[in-house]
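Enquirer: quick check, what structure comes out for this input:
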Amino acid sequence: MDINNDNHIVKKLIALKEEDYERVAVSAYFVCKDNKKNDYYFSKSVELDDSITNFLKEHIIKKISEFMDAENNFAVQNYNQEFKLTGYIGRFNTKSYSHSNKAVTNFELLRKALIDDELEKIQISNFQIITLTLEDEQVSFCFYRSVKKQAKTKKIAIWSSEEFKAVSKDLVEFGGNFSFFMDDKNIYIVDPRHFEWAFDYKDHITEKSRINMERLTSMSFFSDDTTKEAFRNASNHHLLVRGIASMDENIISEVEEHFNDRVDELKKIRDKRENIKDEDKLKRFKSEIGELDDLINYIDFDNKKVIFKENDNPTPLLHFFQDKIVESFLTKRIKVAMSLG
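Expert: Numbers count the residues shown, from 1 in each chain. Model (predicted):
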């Protein structure tokens, strides 16, 4: 059933008056994802007191209603492997794909885990699933909140009886923003990154990242195969791959077109830095230009080429490439940087 059908459970929940919220049942699960095991997900159902239950009902219904437009409908589009969703919710219909699709398989495994209730310790959980039930219909919301573990370097305390008392037990936060929600066959995506992580749906990210990296390293400012290979290898970390994959066509096409202009700007900053003799002023200057101080080390200014060796950090260059280079942070900062010293 379409989410904009008045008979869909989400629409029914939103239509409820607050005095009817007592008709809604709340179930809470702490879920651990373990991709080394066949079952993949393990969950633990937990009991909630009335104050938390009532809060979650009100909070979730209020948050989901914020996605509706002036005509009380949801702006929904079929998820097309977007890296960011703006102004609409992405819909992933599990019935539209075969079981060869990893997200479909893992969707079913997650639903099974909520029934099996086999997680022994909620302390190792990765996220919460909060399920609202109305008239035997259910919708489940994923919150990327887990147990706040006690750290050796920090101490949590509460104010009680005119003094702070240490909290010795683990804490949990409920509420905040949900990342996606699920009915019986659809996953409605608010945060694609969390959806990708929860269901290990990342093959498209790997492929798009590979294509974008090939385009970047084929540009003229990469002078030799050794530099290209070192940069590819260093950029293959999973924390960097998504950012590379999310570079759109316009940004990539503008990188080479405007590379020399940005290098000229960087050269002015480098020359300014090298002419500052006072240590305190130099320290302040480096603090102001931030990551540009590192980026300068990766540019051959005489030949306008990238310098990169094995074990170098690719992040400054990646941020340089991923920026809208026509109106880059270099252009915005250069006047400030050149006024210092």
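Enquirer: give me the residues contacting stretch 218-229.
Expert: By Cβ atoms under 8 Å, 6 or more residues apart in numbering, the list of residues contacting stretch 218-229 from outside reads 216-217, 231, 255-256, 259, 300, 303-309. The way it works is simple: take the backbone N, C-alpha and C, and place the C-beta from them, glycine included.
Enquirer: in strands only, show me the residues you listed.
Expert: With DSSP state E as the criterion, strands contain 300, 305-306 from among these.
Enquirer: top of these by neighbour count?
Expert: Val306 (22 neighbours; other Cβ atoms under 10 Å).
Enquirer: what about stretch 136-144, average pLDDT?
Expert: Here stretch 136-144 scores 96 as its mean pLDDT.
Enquirer: okay, buried residues for it please.
Expert: Using 16 or more other Cβ atoms under 10 Å as the test for burial, stretch 136-144 gives 137-144.
Enquirer: dump the residues you listed to CSV, plus distance to Glu82 and secondary structure.
Expert: As requested, the buried residues of stretch 136-144 are exported to CSV (distance: Cβ to Cβ, whole Å; DSSP: H, G, I helix; E, B strand; the rest coil):
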residue, distance to Glu82, secondary structure
Glu137, 28, strand
Gln138, 27, strand
Val139, 22, strand
Ser140, 22, strand
Phe141, 20, strand
Cys142, 18, strand
Phe143, 21, strand
Tyr144, 19, coil
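Enquirer: which of those residues lies closest to Val46?
Expert: Each of those was checked against Val46 using Cβ to Cβ; the closest is Phe143, at 13.2 Å.
Enquirer: ok, the closest one touching Gln128?
Expert: Yes - proximity of Phe143 to Gln128 meets the contact threshold set by Cβ atoms under 8 Å, at 4.5 Å.
Enquirer: can you list contacts of stretch 39-55?
Expert: 21, 26-34, 56, 106, 109-110, 112-114, 116-122, 125, 129, 174-175.
Enquirer: can you check stretch 110-117 too?
Expert: Applying Cβ under 8 Å, 6+ apart, the external contacts of stretch 110-117 come out as 29, 31, 39-45, 119, 129, 131, 140, 182, 198-199.
Enquirer: and the residue nearest the centre of the chain, what does it touch?
Expert: With the centre of the chain defined as its mean C-alpha position, the nearest residue by Cα atoms, centre = their mean is Arg193, 4.1 Å away. By Cβ under 8 Å, 6+ apart, the residues touching Arg193 are 83, 242.
Enquirer: surely it forms part of a helix?
Expert: Yes - applying DSSP: H, G, I helix; E, B strand; the rest coil, one finds Arg193 inside a helix.
Enquirer: gap between it and Asn233?
Expert: Remark: distance between Arg193 and Asn233 (Cβ to Cβ, to the nearest Å) = 24 Å.
Enquirer: ok, now Asp323?
Expert: Distance from Asp323 to Asn233, by Cβ to Cβ: 23 Å.
Enquirer: tell me which of those two has more neighbours.
Expert: Using other Cβ under 10 Å as the criterion, Asp323 and Asn233 rank with Asp323 on top: 19 against 12.
Enquirer: buried only: go through the contacts of stretch 39-55 for me.
Expert: Using 16+ other Cβ under 10 Å as the burial test, the contacts of stretch 39-55 include 21, 26-33, 56, 106, 109-110, 113-114, 119, 122, 125, 129, 175 as buried.
Enquirer: from these, which ones fall inside helices?
Expert: In helices, defined here by DSSP state H, the members of the buried ones among the contacts of stretch 39-55 are 56, 106, 109-110, 113-114.
Enquirer: hmm, what's the outermost residue in this structure?
Expert: Lys277 (42.1 Å).
Enquirer: that one belongs to a helix, doesn't it?
Expert: No - secondary structure of Lys277 (three-state DSSP): coil, not part of a helix.
Enquirer: and the helix or strand containing Arg270, how far out from the chain's middle?
Expert: If you go by DSSP states H and E, Arg270 is part of helix 249-274. Remark: helix 249-274 is offset 28 Å from the chain centroid, using Cα atoms, centre = their mean, to the nearest Å.
Enquirer: tally of neighbours for Ile187?
Expert: Neighbour count of Ile187, defined by other Cβ under 10 Å: 24.
Enquirer: then Gln150?
Expert: When neighbours are counted by other Cβ under 10 Å, Gln150 registers 14.
Enquirer: quick one: the residue nearest to the centre of the chain from Ile130, how far?
Expert: 20 Å.
Enquirer: now Glu279
Expert: In this view, Glu279 and Ile130 are 55 Å apart by Cβ to Cβ.
Enquirer: which of the two has more neighbours?
Expert: A direct count of neighbours by other Cβ under 10 Å for Glu279 and Ile130 places Ile130 higher, at 24 against 8.
Enquirer: quick check: phi and psi at the residue farthest from the centre of the chain.
Expert: Main-chain dihedrals, Lys277, degrees, to the nearest 10: phi -100, psi -30.
Enquirer: what pLDDT does it get?
Expert: Value for Lys277, per-residue pLDDT: 92.
Enquirer: what does Ile325 give?
Expert: So, for Ile325, pLDDT stands at 39.
Enquirer: just list whatever residues bridge to the nearest residue to Glu118 once chain neighbours are set aside.
Expert: If the residues on either side of it in the chain are set aside, Glu118 comes closest to Phe42, at 5.2 Å by Cβ to Cβ, 6 or more residues apart in numbering. When assigned by DSSP bridges, Phe42 has beta-bridge partners Cys32.
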